[in-house]
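Provide a 3D model corresponding to the input given below.
(2 chains)
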Amino acid sequence: KAGVTQTPRYLIKTRGQQVTLSCSPISGHRSVSWYQQTPGQGLQFLFEYFSETQRNKGNFPGRFSGRQFSNSRSEMNVSTLELGDSALYLCASSHDGQPNQPQHFGDGTRLSIL
Amino acid sequence: QKEVEQNSGPLSVPEGAIASLNCTYSDRGSQSFFWYRQYSGKSPELIMSIYSNGDKEDGRFTAQLNKASQYVSLLIRDSQPSDSATYLCAVSNNDMRFGAGTRLTVKP
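Numbering: from 1, shown residues only, chains lettered A, B, ... in the order given. A predicted model of the protein is given here:
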């Protein structure tokens, strides 16, 4: 069974630009969560999508947004990029996002802002 | 107070020793608890899950949960150099929250 697939693996952008990251969950998984990981802050929850609806949201500004498609694939968009947005962005999927279900992570997209 | 706190480490143990990793959480409604291992440059990988008070063993790994004390731990017996990684504690209620991680080094 294929794992969680994130594209692209690496991105370099400049301040003010916007970026879209993609995540394909494990087949059959309908919940997709996004995290930002930085050395200083660790893994921080961005949002979770289930059945094309955002179900939970972390404490990030509105520049961070996402969506989920009918095939459960998800995209995350960051607008007006700032230097502080440089991070590893991880996507994780689970069957239906219930608290008792572990999440399975993709390899991440490393975003660098110049 | 952070929602999920882990001993910051780094933790260094000799090969063959027991490594003990600790985690406390603030949300009393938390239902599920997970330990992830993250090698440098890689994504987190699930190694243990625990849902009820007590111990849960899986090979060399034992997870311990005490909901009254809001405490969860991971013991690694017979530690190997390949266990050297950052260990993340994750606590789930409506969403999953992670600790900052404890970096473990197992020295040959």
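
which residues touch residue 97?
Picked chain A for this. By CB atoms under 8 Å, 6 or more residues apart in numbering or on different chains, the contact set of A:Gly97 is A:30-31, A:33, A:48, A:50, A:55. Where you see a C-beta, it was placed from the backbone N, CA and C, and this is true even at glycine.

you answered for a different chain; I wanted chain B.
Per CB under 8 Å, 6+ apart, neighbours of B:Arg97: A:45, B:3-4, B:25, B:27, B:90-91.

chain center to the lowest-mean-pLDDT helix or strand in chain B: distance?
Within chain B, no helix or strand scores below strand B:96-98, which has a mean of 89 by mean pLDDT, DSSP states H and E. Offset of strand B:96-98 from its chain centre (CA atoms, centre = their mean, to the nearest Å): 12 Å.

ok so, going back, buried subset of the contacts of B:Arg97?
A:45, B:4, B:25, B:90-91 (16 or more other CB atoms under 10 Å in any protein chain shown).

unless I'm mixing things up, B:Phe98 is touching B:Ala90, no?
Yes - taking contacts as CB atoms under 8 Å, B:Phe98 lies within contact range of B:Ala90: 5.0 Å.

common neighbours of the two, please.
With CB under 8 Å, 6+ apart, B:Phe98 and B:Ala90 have common neighbours B:4, B:36.

so which residue is dead centre in chain A?
A:Trp34 (3.1 Å; CA atoms, centre = their mean).

element containing it, please.
strand A:31-38 (DSSP states H and E).

can you name the next helix or strand after that strand?
strand A:42-50.

quick revisit: can you spell out which helices and strands pack onto the strand holding A:Trp34?
strand A:42-50, strand A:74-78, strand A:87-94 (3 or more CB pairs under 8 Å, 6 or more residues apart in numbering or on different chains; DSSP states H and E).

mean pLDDT and distance to chain B added to the ones you listed, as a markdown table?
A markdown table is the format used below for the helices and strands packed on strand A:31-38 (pLDDT from 0 to 100; distance: least, CB to the nearest CB, whole Å):
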| stretch | mean pLDDT | distance to chain B |
| --- | --- | --- |
| strand A:42-50 | 92 | 4 |
| strand A:74-78 | 98 | 15 |
| strand A:87-94 | 96 | 6 |
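
what helix or strand does the residue nearest to B:Gly54 when sequence neighbours are not counted sit in?
Excluding its sequence neighbours, the residue lying closest to B:Gly54 (CB to CB, 6 or more residues apart in numbering or on different chains) is B:Leu65, at 6.6 Å. Using DSSP H and E, B:Leu65 sits within strand B:61-66.
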